[in-house]
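Peer 1: Got a predicted structure plus its sequence, pasted below:
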Amino acid sequence: MGIIQIKQAGMLTTVQDLGRWGFGRFGMPVAGVMDEYAARVANILLENDENTSVLEITLMGPTLVFDAETAFVIGGGDLQPRLNNAPIALWTIQYAHEGDTLSFAGLKSGCRAYLAVTGGFQVEAVMGSASTYLRGKLGGYDGRALKAGDVLTTSQAVSQKILPGLALPLEYLPQEREAIRVILGPQDDAFTQKGIDTFLSATYTVTNEADRMGYRLDGPKIEHKSGADIISDGIASGAIQVPAHGTPIIMLADRQTTGGYTKIANVISVDLPCVAQKKPGDAIRFEQVTVQEAQRLYREREQRLEQLQQFVRQHAEQSLQRISHYIVTINGQQHHVCVEEVV
């Protein structure tokens, strides 16, 4: 167990896990990480459960100080992380020692980074989840974004199986997509053919109104047959609403559970992380796929994540056979030292 002090909070830093599922019928949004792939991969590298709590860091990163040895991984968008002001790699197991400072030099690509630590962060679960739902002021750290002076507790000491420098193999790195794949419906019949053609051919821009609830886009208007209002029904993650003004809104992690606007399409699950890494000013196009194609892509992603888990476990087992671990005390400070046998 260790302590992480928040010296500067960044623009929007929250505790999240994979979300608060199963309570939609009571009007409770799912919340959770915006980029599920990044959070899951970061946890897998540390041999955490994939649902272990992480910090979601948006656009501008915080400054954190560790009070104990901590293994961590940063994945997702590149906010140029620094450990004691030295650049460190994304998607790679890093070690912080007592007194080390983690900071971020600024956004280079993407929008959101994810900080995973061994065992996750100790926060009180609400309805079985550590996720922060900002509008409801619940979950995470007192139901709010982190601020300077906050203190986070990490859940687990560093395991000898976790070795610094293990990097995510290239084939598992996420790929950027400008064309976001969608399935038409459930109310695509509320739009004219011209409206659907516009939706699938136009380039839209993420506006400054984009947030965790939804991304409002700017671009060509999508034409309805008669009107935009419907009897309220459920809103899935990635549902694309088109109100009367004719520009689409992609509903995301903090979306409400029901809504009364027509939904022209739904972003497929595997492309939601691509949407989450779009920032205001970025371009988005939509590409239609079938339900069968979306299911195939989903199965392939899950298979890749299973393969990654196997890779990490095998690496840990092999490393234990050739690496010795020592605790070295220098000037009163303890350091975890790994000595690898070279053949």
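Peer 2: Thanks, I have it. The structure displayed is predicted, hence computed values, not measured ones.
Peer 1: Beta-bridge partners for the residue lying closest to residue 100 once chain neighbours are set aside, please?
Peer 2: In this structure, residue 100 finds its nearest non-sequential neighbour in residue 66, 5.0 Å apart by CB to CB, 6 or more residues apart in numbering. In short, each C-beta sits where N, CA and C put it, glycine included. Assessed by DSSP bridges, residue 66 has beta-bridge partners residue 4.
Peer 1: How many residues are close by residue 66?
Peer 2: Residues near residue 66, counting by other CB atoms under 10 Å, number 22.
Peer 1: same question, the one 3 residues further on
Peer 2: Residue 69 has 19 neighbours, counted by other CB under 10 Å.
Peer 1: cool, residue 226 as well?
Peer 2: Residue 226 is flanked by 8 other residues according to other CB under 10 Å.
Peer 1: pLDDT score assigned to it?
Peer 2: On the pLDDT scale, residue 226 is placed at 94.
Peer 1: now do residue 329
Peer 2: pLDDT at residue 329 comes out at 70.
Peer 1: which stretch of helix or strand covers it?
Peer 2: Assigned by DSSP states H and E, residue 329 belongs to strand 323-330.
Peer 1: Listing request: residues of the stretch 151-300 of the chain with sub-threshold pLDDT.
Peer 2: Counting by pLDDT under 70, the ranges of the stretch 151-300 of the chain that qualify are 156-163.
Peer 1: need the helices for it, in chain order.
Peer 2: 193-201, 272-276, 291-322 (DSSP state H, counting those that start in this stretch).
Peer 1: Quick one, which of the ones you listed gets closest to residue 90.
Peer 2: Ranking the helices of the stretch 151-300 of the chain by proximity to residue 90 (CB to CB) places helix 272-276 first, at 14.4 Å.
Peer 1: got the contact list for that closest one?
Peer 2: The contact list for helix 272-276, computed with CB atoms under 8 Å, 6 or more residues apart in numbering, reads 34-38, 111-112, 174, 176-177, 180, 215, 237-238, 250, 252, 267, 284.
Peer 1: Got a ChimeraX select line for the buried ones in those residues?
Peer 2: Typed into ChimeraX, the line below selects the buried ones among those, using 16 or more other CB atoms under 10 Å:
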select :34,35,36,37,38,111,112,174,177,180,215,237,238,250,252,267,284
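Peer 1: check contacts around the residue nearest to residue 220 when sequence neighbours are not counted.
Peer 2: In space, and not counting its chain neighbours, residue 220 is closest to residue 202: 4.3 Å by CB to CB, 6+ apart. Residue 202 makes contact with 219-220, 285, according to CB under 8 Å, 6+ apart.
Peer 1: my guess is residue 65 contacts residue 98, does it?
Peer 2: No - Residue 65 lies out of contact with residue 98 (CB atoms under 8 Å); the separation is 9.4 Å.
Peer 1: returning to that earlier point: so how far is residue 17 from the residue nearest to residue 100?
Peer 2: In this view, residue 66 and residue 17 are 21 Å apart by CB to CB, to the nearest Å.
Peer 1: Any figure for the gap between residue 86 and residue 102?
Peer 2: Separation of residue 86 from residue 102 (CB to CB): 11 Å.
Peer 1: Between those two, point out the one with more neighbours.
Peer 2: Using other CB under 10 Å, the more surrounded residue of residue 86 and residue 102 is residue 102, with 23 against 7.
Peer 1: Specify the local secondary structure of residue 75.
Peer 2: strand (DSSP: H, G, I helix; E, B strand; the rest coil).
Peer 1: Spit out the contact partners of it.
Peer 2: Counting by CB under 8 Å, 6+ apart, residue 75 touches 38-39, 41-42, 90-91, 113-114, 116, 168.
Peer 1: and those, which are buried?
Peer 2: 38-39, 41-42, 90-91, 113-114, 116, 168.
Peer 1: I'd like the residues you listed as a markdown table, with secondary structure and distance to residue 298 appended.
Peer 2: Below are the buried ones among the contacts of residue 75 laid out as a markdown table (DSSP: H, G, I helix; E, B strand; the rest coil; distance: CB to CB, whole Å):
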| residue | secondary structure | distance to residue 298 |
| --- | --- | --- |
| 38 | helix | 17 |
| 39 | helix | 17 |
| 41 | helix | 16 |
| 42 | helix | 20 |
| 90 | coil | 24 |
| 91 | coil | 22 |
| 113 | strand | 24 |
| 114 | strand | 21 |
| 116 | strand | 23 |
| 168 | coil | 20 |
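Peer 1: For the residues you listed, work out which two are farthest apart.
Peer 2: Greatest spatial distance among the buried ones among the contacts of residue 75 (CB to CB): 113 and 168, at 14.1 Å.
Peer 1: Could you double-check that residue 73 sits in contact with residue 94?
Peer 2: Yes - contact status for residue 73 versus residue 94: in contact at 6.9 Å, counting by CB under 8 Å.
Peer 1: out of these two, which sits in the more crowded spot?
Peer 2: residue 73 (28 against 19).
Peer 1: show me the contacts for that one.
Peer 2: Contacts of residue 73 were listed using CB under 8 Å, 6+ apart, and they are 42-43, 45-46, 91-94, 115-116.
Peer 1: State the distance from it to residue 97.
Peer 2: Counting by CB to CB, the gap from residue 73 to residue 97 is 16 Å.
Peer 1: Same question for residue 200.
Peer 2: Using CB to CB, we find residue 200 at a distance of 52 Å from residue 97.
Peer 1: again, but for residue 86
Peer 2: 13 Å.
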